[in-house]
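3D model of this:
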Amino acid sequence: MTDLKDLCSEIEGICRMAAEFIIKESAVFDINDTESKGLNNFVTYVDKGSEKMLIEKLAPLVPDAGFIAEEGTSSKKGIKYNWVIDPLDGTTNFLHGVRPFAISIGFMEGDEVIAGVVHEVGGNETFSAWKNGGAWLNGKGIHVSKTPKLSGSLVATGFPYNLFDRLTPYMDLLTYLVKRTHGVRRLGSASIDLAYVASGRFDLFFEYDLKLWDIAAGMLLVREAGGQFSDFSGNMHGLTGDETLASNALVYSEILEIIGNFMRRKSF
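Predicted structure coming up:
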């Protein structure tokens, strides 16, 4: 296998190729060409086409690697290595012609993400990271913010689209944060939210009921940019997206305690 920096460079080029397809289709896409995978969970031929293209181009880079891909267009599972792919993160945004939407690709060795790329399609921004190599935006190094306290933070989050069992404490938490921060933003693409934490645009991000393909690349970006990434209990290992908290290292303890106070209630 090539070294991780070179691997990221290859991934970046493949992302840009798929992005050209997404941009081309966005000009002619009809929202009626949409399938439902469940309540408020949509997929289009653009998602599937992007994923097939990504798998085809990624496969030769590490021939024994498998795929964990959102739309399931490959069933190959790797023993040691796996690609984790979200071919169009922000499908609902795409459906309505709203940005951002992104391509997110993580590369895992065992249960550890060792390389990752998030490409924001509309803005042509490519966020990359590899293990012990730092985090990068279009070739320039990035770092999480230096905001020291929650009161000075700009917060990002996402709303659950079909799992509402924790919605009441979640909304209470949002109310708390709206009153005590610089504001709360909801972009509709978790991979972009995490990339923005890594680049210091957001100071923190939290959401529940995400999937591994939503967070794999972004998790590495945040960590390589000097940030913290965990679930709502502070666990930093074996994360799959059920609970996601990412922030700079300065506000992490403060937001972790607050999220725990709201989201760890026994009764919803």
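
Walking through the stretch 151-268 of the chain, point out its helices one by one.
Using DSSP state H, counting those that start in this stretch, the helices of the stretch 151-268 of the chain run over 167-180, 190-198, 212-224, 252-263.

What is the first one packed up against?
To tie it back to what came earlier, the one meant is helix 167-180. Judged by 3 or more C-beta pairs under 8 Å, 6 or more residues apart in numbering; DSSP states H and E, the packing partners of helix 167-180 are strand 183-185, helix 252-263. Glycine gets a C-beta too; all of them are placed from N, C-alpha and C.

Please produce JSON lines containing those, extended by mean neighbour count.
Supplementary listing: the helices and strands packed on helix 167-180 in JSON lines, determined by neighbours: other C-beta atoms under 10 Å:
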{"stretch": "strand 183-185", "mean neighbour count": "13"}
{"stretch": "helix 252-263", "mean neighbour count": "18"}
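
closest to residue 156 out of the helices of the stretch 151-268 of the chain?
Proximity to residue 156 (C-beta to C-beta) singles out helix 190-198 among those, at 4.4 Å.

Find me the pLDDT at the most centrally placed residue in the chain, would you?
Here the mean C-alpha position of the chain is nearest to the C-alpha of residue 191 (C-alpha atoms, centre = their mean), at a distance of 2.2 Å. According to the model's per-residue confidence, residue 191 sits at a pLDDT of 98.

related to what we said a few turns ago, nearest to residue 138, out of the helices and strands packed on helix 167-180?
Of all the helices and strands packed on helix 167-180, the one in closest proximity to residue 138, counting by C-beta to C-beta, is strand 183-185 (21.9 Å).

so what strands line up beside that closest one?
With DSSP bridges as the criterion, the sheet partners recorded for strand 183-185 are strand 154-157 (parallel).

Only C-alpha atoms, please: export the strand it pairs with in PDB.
Output of strand 154-157 as PDB, limited to C-alpha atoms (Å, rounded to 0.1, in the frame of the first residue of the first chain):
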ATOM      1  CA  LEU A 154     -20.400  29.000  17.400                       C
ATOM      2  CA  VAL A 155     -22.200  25.600  17.600                       C
ATOM      3  CA  ALA A 156     -23.200  23.200  14.900                       C
ATOM      4  CA  THR A 157     -25.700  20.400  15.100                       C
END
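
and that strand, how far from the chain's centre?
The chain centroid and the centroid of strand 154-157 are separated by 14 Å under C-alpha atoms, centre = their mean, to the nearest Å.

Can you tell me the closest non-neighbouring residue to residue 215?
Counting by C-beta to C-beta, 6 or more residues apart in numbering, residue 215 lies nearest to residue 241, which is 4.8 Å off, once chain neighbours are set aside.

ok, residue 170 - contacts?
Applying C-beta atoms under 8 Å, 6 or more residues apart in numbering to residue 170 gives the contacts 160, 208, 262-263.

Quick check: can you list the domain ranges of the chain?
Structural domains annotated on the chain: 4-142, 150-263, as defined by automatic domain parsing.

Out of the ones you listed, which is the most enclosed?
Among the domains of the chain, ranked by average contacts under mean count of other C-beta atoms under 10 Å, first place goes to domain 150-263 (a mean of 20).

Tell me the span between the first and last residue of that one.
Using C-alpha to C-alpha, to the nearest Å, the end-to-end distance of domain 150-263 comes out at 17 Å.

picking up where we left off before, tell me, which of the domains of the chain is the model least confident about?
Set side by side, the domains of the chain differ in mean pLDDT, and domain 4-142 is lowest with a mean of 91.

Make JSON lines out of the helices of the stretch 151-268 of the chain and add distance to residue 231.
Output for the helices of the stretch 151-268 of the chain, formatted as JSON lines (distance: least, C-beta to C-beta, whole Å):
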{"stretch": "helix 167-180", "distance to residue 231": "15"}
{"stretch": "helix 190-198", "distance to residue 231": "14"}
{"stretch": "helix 212-224", "distance to residue 231": "11"}
{"stretch": "helix 252-263", "distance to residue 231": "10"}
